[in-house]
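Visitor: coords please:
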Amino acid sequence: MGFRVTGRNGVNVAQQTSGDEGASQDGDGQGSGVPESGSSQAGAGPGEPPRAASRRGRHWLGVGLLTALAAAAYSAFALIRFHTYLSASYDLVIFDQAVRSYAHLHPGISVMKGLHNGFGPHFSVLGDHWSPILAVLAPLYWVSNSPVNLLVAQAVLFALAIPWVWLFTRRAFGGGAKATAAAYLVSAAYTLSWPIASALAFDFHEVAFAPLLIAIALERLQAGRLRTALIALAALLLVKEDMGFLIAGIGIYLAVDRPRALRRPALTGLILIAVGLAASVVSIYVLIPAFGGRSGYYWAYGALGGNVPQVIGHIIVHPVSSLRMLVTPQVKLDTLLWLFGAFCFLPLRSPLALATVPLLLERMLNSKFPNWWATSFHYNAYLVIILVFAAVDGAARLDRDSVRIREYFAARRRRGAASPGPGGHYRGTGTVALACSVAMIAVAIALVPRFAFGVALKPSFYHRTFHARAEAAAAAAVPPGVTVEAVNYIGPHLSGRDTVLLWDGDGTTPRFSPWVVADVRHREFTWPSKQAERQRVKLLKEHGYQVIFRRAGYLVLRAPGAGR
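Guide: All right, here's what the predicted structure looks like:
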């Protein structure tokens, strides 16, 4: 049996609650004033004033509208990119083939991934990344057989984090009009944030599930609802093998900050650290190899050592050079500045920012994959919710600090004495928190032209270029129901009706697919040069392939006996 403490304007009301999830206290004893899923406050109580119920209904309508608009805008952005041939086979077709395989009750087979990376045509993507959660999207393919399913699903999943951002922010700022306004502003800042934009611009990845699950987990922890938070964190372990590291980061935060909304937060944090690390180890060294992958396939820390103990030993013996690796080359430092700067560096005021440390170390200490360091891919979307919530918590702490400082000087003026000691309770006025929220949305808007959403401000984004029209014509020349080897940006438009392989290689060892869509004018993905592509086409012709389509450097070749 626990106790839930709520209240407003300094008045706390103890309300006895049942269950084993511990005492829920809304941030320094501040009441949320908003309905919580799974709580008795979710609906209007018998004695609730009609005006309060109406106000709550308006808020839910507003949050729902913002969520729907974000989902629609995200979907439009992704679908326009698809229509204008900006979506790439690597990785959209890989996920498309995998989820279609799940829809047919097969274990996530991607022939493109298997052949391109040397694992064979029957390779399951579970041997690449431990992402079984992708299977929940399989029913979409019972309705429509297209990679567009994944683009829209990701857009909706990103948008569904918005209500949890709103709840977290409003509770953190103590409820009331200022907190409500701030909650909308912070939700909009998340909606426009560049990590989400970059992920949407890089087609589809398993990161689609991460913001929503992380938002649920952290909001429920804030509300003292440990059971629901643990369920969300357990689901997060199905998103990717390194999500255990992120869970360990959340555990570090709980152990350090010890939020009063939870019973035994330090113990909970230590358990999350242990479980998170163990889950990642099992995923990498047991589950991925069990599905045909290699545990060391993504090992990227050769500059530090050949295994985890060697890396840890190197960091201990050479701490300065190891720290220098976190910010060199310059792109690493730039990404870190953009990540924290996008939220006005407010996360640095919150212990919650500690939760970002494991994933940042994983990315920035790597010396093999430069894409992990950059802002233009999907990796930063794993961190965006933590940074938003840490910024909110940082703003709330600054708000309370402002009251503490003001009361300190007021006490000195009145009595010449110091302000109350550490046991004194300080409540924020909400003014500083609201100002921080205004700053966050202002920065988010200012950064829109700088990152992936910026292209949507240009009229040319909405029209196919000359090359895109040529790609569309080449795709139309390939019949349905065939196996086709296609260049990177044409493959997604064939994947719903054909078995698509990636047009790649060294120019000397073709796969001799029945159909080939090649490019001899531009250096395509994975090719060392245009000359190598031309040599491949020449070799195919020598083996009897016929060119049945030619435009703007794009060729469609048909193998002997392939038919139409």
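
Visitor: what mean pLDDT does stretch 136-148 have?
Guide: What stretch 136-148 shows for mean pLDDT is 97.

Visitor: ah, wrong one, I meant stretch 293-307
Guide: Averaging pLDDT along stretch 293-307 gives 94.

Visitor: if I look at the most centrally placed residue in the chain, how far off is residue 206?
Guide: By CA atoms, centre = their mean, the chain has its centre lying nearest to residue 381, at 3.1 Å. For residue 381, the distance to residue 206 equals 10 Å [CB to CB, to the nearest Å]. For glycine as for every other residue, the C-beta is placed from the backbone atoms N, C-alpha and C.

Visitor: repeat for residue 287
Guide: Going from residue 287 to residue 206 by CB to CB gives 14 Å.

Visitor: residue contacts, residue 444?
Guide: Residue 444 is in contact with 188, 189, 192, 193, 194, 342, counting by CB atoms under 8 Å, 6 or more residues apart in numbering.

Visitor: now, of these, which are buried?
Guide: 188, 189, 192, 193, 194, 342 (16 or more other CB atoms under 10 Å).

Visitor: tell me which of the residues you listed is nearest to residue 540?
Guide: Proximity of the buried ones among the contacts of residue 444 to residue 540 (CB to CB) peaks at residue 194, which lies at 42.3 Å.

Visitor: where does that closest one land on pLDDT?
Guide: 98.

Visitor: residue 56 now?
Guide: Confidence at residue 56, expressed as pLDDT, is 73.

Visitor: okay, buried residues for the helix or strand harbouring it please.
Guide: In the assignment (DSSP states H and E), residue 56 maps to helix 50-83. By neighbour count on 16+ other CB under 10 Å, the buried set for helix 50-83 is 56, 59, 63, 66-67, 70-71, 73-75, 77-78, 81-83.

Visitor: and stretch 141-154, by the same measure?
Guide: Applying 16+ other CB under 10 Å to stretch 141-154 flags 141, 146, 147, 148, 149, 150, 151, 152, 153, 154 as buried.

Visitor: looking at these, which is nearest residue 247?
Guide: Distances from residue 247 to those, taken by CB to CB, are shortest for residue 154, at 21.9 Å.

Visitor: rewinding a little: between residue 287 and residue 206, which is the more surrounded one?
Guide: Set residue 287 next to residue 206 and count neighbours by other CB atoms under 10 Å: residue 206 wins out with 22 against 17.

Visitor: bridging residues for residue 557?
Guide: When assigned by DSSP bridges, residue 557 has beta-bridge partners residue 516, residue 547.

Visitor: any idea how far residue 430 is from it?
Guide: 66 Å.

Visitor: coming back round to it: which strands or helices does the helix holding residue 56 pack on?
Guide: If you count contacts as 3 or more CB pairs under 8 Å, 6 or more residues apart in numbering; DSSP states H and E, helix 50-83 packs onto helix 148-159, helix 162-172, helix 176-192, helix 194-201.

Visitor: so how far is that helix off the chain centroid?
Guide: Chain-centre distance of helix 50-83: 19 Å, with CA atoms, centre = their mean, to the nearest Å.

Visitor: quick one: secondary structure of the closest residue to residue 358 other than its chain neighbours?
Guide: Distances taken as CB to CB, 6 or more residues apart in numbering put residue 245 closest to residue 358, at 3.9 Å, once the chain neighbours are dropped. Following DSSP: H, G, I helix; E, B strand; the rest coil, we place residue 245 in the helix state.

Visitor: residues in contact with residue 245?
Guide: 276, 277, 280, 358, 359, 362.

Visitor: adding secondary structure, distance to residue 114 and neighbour count, write the residues you listed out as TSV.
Guide: Formatted as TSV, those follow (DSSP: H, G, I helix; E, B strand; the rest coil; distance: CB to CB, whole Å; neighbours: other CB atoms under 10 Å):
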residue	secondary structure	distance to residue 114	neighbour count
276	helix	30	25
277	helix	30	16
280	helix	24	23
358	helix	30	23
359	helix	28	20
362	helix	26	18
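
Visitor: my read is that residue 109 contacts residue 97, right?
Guide: Yes. If you go by CB atoms under 8 Å, residue 109 and residue 97 touch, sitting 6.8 Å apart.

Visitor: can you list the buried residues in the strand or helix carrying residue 404?
Guide: Residue 404 belongs to helix 384-415 when assigned by DSSP H and E. Within helix 384-415, the residues that qualify as buried by neighbour count (16+ other CB under 10 Å) are 384-400, 402.

Visitor: pLDDT weak spots in the stretch 1-150 of the chain?
Guide: Low-confidence segments of the stretch 1-150 of the chain, defined by pLDDT under 70: 1-54.

Visitor: where do the strands sit along it?
Guide: Ranges of strands in the stretch 1-150 of the chain, per DSSP state E, counting those that start in this stretch, are 2-8, 11-17, 24-25.

Visitor: and residue 448, how many neighbours?
Guide: The tally of other residues near residue 448 (other CB under 10 Å) stands at 16.
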